[in-house]
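[1] no FASTA, just this:
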């Protein structure tokens, strides 16, 4: 079944231009996730911060530490 196009332009931009990895403290390795899952995992407040950092940076890799969720979100440019 083909993927459905996103009606949210922000999510579509992040998914097209970045790999989203989530690292949890105490767990080895990372989980690959999509931009749509970030709100479910961390809430809209953190999702907005992550998207803002992705839109404003020129770096190849961006890391955002979320202390109260004990996780690090890493955006890697494609």
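    That came through, no problem. Being a predicted model, the structure only gives us computed values, none of them experimental.

[2] Every contact and neighbour count from this point should use C-alpha atoms.
    Will do.

[3] Return, as residue ranges, the portions of the protein with sub-threshold pLDDT.
    Within the chain, the stretches with pLDDT under 70 are 1-3.

[4] Spatially central residue for it, please.
    residue 20 (4.4 Å; C-alpha atoms, centre = their mean).

[5] Start and end of stretch 53-69, how far apart?
    18 Å (C-alpha to C-alpha, to the nearest Å).

[6] so residue 64 makes contact with residue 54?
    No. Using C-alpha atoms under 8 Å, residue 64 is not in contact with residue 54, being 10.1 Å away.

[7] Neighbour count: those two, which is higher?
    Under the criterion of other C-alpha atoms under 10 Å, the comparison of residue 64 against residue 54 puts residue 54 first, with 21 against 15.

[8] packing partners for the helix or strand where the more buried one lies?
    For residue 54, the host element (DSSP states H and E) is helix 44-56. Applying 3 or more C-alpha pairs under 8 Å, 6 or more residues apart in numbering; DSSP states H and E, one finds that helix 44-56 contacts helix 9-17, helix 35-42, strand 61-66.
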